[in-house]
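Novice: Sequence plus predicted model, see below.
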Amino acid sequence: MIKIENVSAKVGSFELKQINLKIEKGEYFVLLGPSGAGKSILFEVLAGIYPVQNGSVIIDDTNITRAAVNKRGLGLVFQDNTLFPNLSVEKNIGYSLRSRKLQANILHKKINEITSSLNINHLLNREVSTLSGGEIQRVSLARAMISQPQYLLLDEPLSSIDIQLRGELMNLLKKINQTGITIIHITHDLEEAIRLADRIAFMENGEIIQIGKPNEIFSEPKNEFVARFLNFSNIFVFDKVNDAEIILNEKVSLSVNLFDQHAQQVVIPNESIHLSGIKTESDNCFEGVIKSIVDFPESYELTVDIGIPIVYHAHKNGTVFIKGEKQWLSIESEKLILIREK
């Protein structure tokens, strides 16, 4: 287990603020947030590259807060290519073990085992300069794993990979995790996080905003920042009427099933919205006008004015939508999400 307890650090003018995380052994843990949130700085604090000002980092009951990079027992894969350009792939992978003066036959066996598991045996004699982005990342993984660490730290490992290779590498990372290796994966990419993570921690401006399983975060985003990062389009401030109704403006009020007295905003998820040519019996049914239509390969993005603009993604199923036409828009009250913080 990795425990990060009240960790603060300062790099230039940027500060990490009272970071608290507990990462279970065998977990695939994703640190997610926009560029500049402090994810890579936290990575480098964990790795021992930047010092901790306050707090502690504990791995398997050992305090490694002040330990050197090579004494932490972590496998590291950086965002930028850090392979030695003057060495072959084989020598890059075996570098850390070779420096320990391991016997040649044992070293050769370990290199073959790790490269076989990552399907890169054929690259061993290649120069680094001849490798593609995907090959560089596989070699970097092999170099990080050769010493058999229990923990892998990956900083944006898929950011420079062609889109057609990303799925393949995500499957590989999940396979590595299933061998029992704990992975801490840093990314700004929501799809990566959802596909890979057992749990996600959202980070913004040097702080951890929310931690949870992907489905938990989607059902209960803590604030507007998290909700917008999750690609929710319809987020509105409201005034409370009573425990069953909220007012968005003078024209639109919504019935709600469960009211949180501390909530300040409502999220209207796409799956809660339905369009129809006729009025329905829904408590939340509004006549609206289609103001815009964006044509995507598999869906239409419609903006429907019901007194507020509602964005709705409609799957292409043969229905024809026309800009300016009237539609009845209903919203399922049980699928509304109330959030406390702006």
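Specialist: Noted; the coordinates are in hand.
Novice: Please list all residues in contact with the residue nearest to Ser272 when sequence neighbours are not counted.
Specialist: Leaving aside its sequence neighbours, Ser272 sits nearest to Lys335 (Cβ to Cβ, 6 or more residues apart in numbering; 3.6 Å). The C-beta positions use only the backbone N, C-alpha and C, and glycine is treated the same way. Contact analysis of Lys335 by Cβ atoms under 8 Å, 6 or more residues apart in numbering lists 269, 271-272.
Novice: go on, Lys222?
Specialist: 202, 209-210, 339-341.
Novice: biggest separation within the residues you listed, which pair?
Specialist: Phe202 and Arg340 (14.9 Å; Cβ to Cβ).
Novice: Of those two, give the one with the bigger neighbour count.
Specialist: Phe202 (25 against 13; other Cβ atoms under 10 Å).
Novice: Just to be sure, the more buried one is in a strand?
Specialist: Yes. The assignment for Phe202, made by DSSP: H, G, I helix; E, B strand; the rest coil, places it in a strand.
Novice: I'd like the next helix or strand past the helix or strand of the chain with the lowest mean pLDDT.
Specialist: Using mean pLDDT, DSSP states H and E, the weakest-scoring helix or strand in the chain turns out to be strand 239-242, at a mean of 76. Going down the chain from strand 239-242, the next helix or strand is strand 245-247, by DSSP states H and E.
Novice: In this structure Pro269 contacts Ile337, no?
Specialist: Yes. With contact defined as Cβ atoms under 8 Å, Pro269 reaches Ile337; the gap is 6.5 Å.
Novice: any common contacting residues for the two?
Specialist: Residues within reach of Pro269 and of Ile337 at once, by Cβ under 8 Å, 6+ apart, are Phe232.
Novice: where exactly do the helices run in the stretch 1-150 of the chain?
Specialist: Secondary structure of the stretch 1-150 of the chain (DSSP state H, counting those that start in this stretch): helices at 39-47, 89-93, 95-98, 104-117, 133-145.
Novice: can you pull out the strands in the stretch 151-300 of the chain?
Specialist: 151-155, 182-187, 199-204, 207-212, 235-237, 239-242, 245-247, 253-255, 265-267, 273-276, 285-295, 299-305 (DSSP state E, counting those that start in this stretch).
Novice: Which of the ones you listed comes out lowest on mean pLDDT?
Specialist: In terms of average pLDDT, strand 239-242 trails the rest of the strands of the stretch 151-300 of the chain, at a mean of 76.
Novice: quick one, what contacts Met1?
Specialist: 22-25, 59-60.
Novice: again, only using 7 Å
Specialist: Shown here is Met1, whose contacts under the criterion Cβ atoms under 7 Å, 6 or more residues apart in numbering are 22-25, 60.
Novice: Same question for Val30.
Specialist: 185, 187, 193, 196-197, 200.
Novice: mind redoing it with 6 Å?
Specialist: 185, 193, 197, 200 (Cβ atoms under 6 Å, 6 or more residues apart in numbering).
Novice: Look up the residues forming beta bridges with it.
Specialist: Beta-bridge pairing for Val30 (DSSP bridges): His185, Ile200.
Novice: That one and Leu153, how far apart?
Specialist: Distance, Val30 to Leu153, using Cβ to Cβ, to the nearest Å: 12 Å.
Novice: Same question for Met145.
Specialist: Counting by Cβ to Cβ - Met145 and Leu153 are separated by 12 Å.
Novice: Of the two, which one has the most company?
Specialist: Neighbours per residue, other Cβ under 10 Å: of Met145 and Leu153, the larger number sits with Leu153, 25 against 21.
Novice: My guess is that one contacts Ile183. True?
Specialist: No. Counting by Cβ atoms under 6 Å, Leu153 sits too far from Ile183 to count as a contact (8.1 Å).
Novice: Now Phe236. Nearest residue, chain neighbours left out?
Specialist: Phe236 sits nearest to Leu248 (Cβ to Cβ, 6+ apart), 4.9 Å away.
Novice: what do you get for Ile41?
Specialist: Val11 (5.3 Å).
Novice: Kindly report the same for Arg143.
Specialist: Nearest one to Arg143, counting by Cβ to Cβ, 6+ apart, is Ile93 at 5.0 Å.
Novice: could you list every residue that touches that neighbour?
Specialist: Neighbouring residues of Ile93 by Cβ under 6 Å, 6+ apart: 111, 142-143, 146.
Novice: Return the distance of it relative to Ile339.
Specialist: 47 Å.
Novice: repeat for Asn234
Specialist: 12 Å.
Novice: okay if I get the contacts of Val30 as CSV plus neighbour count?
Specialist: As requested, the contacts of Val30 are exported to CSV (neighbours: other Cβ atoms under 10 Å):
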residue, neighbour count
His185, 26
Ala193, 24
Ala197, 22
Ile200, 27
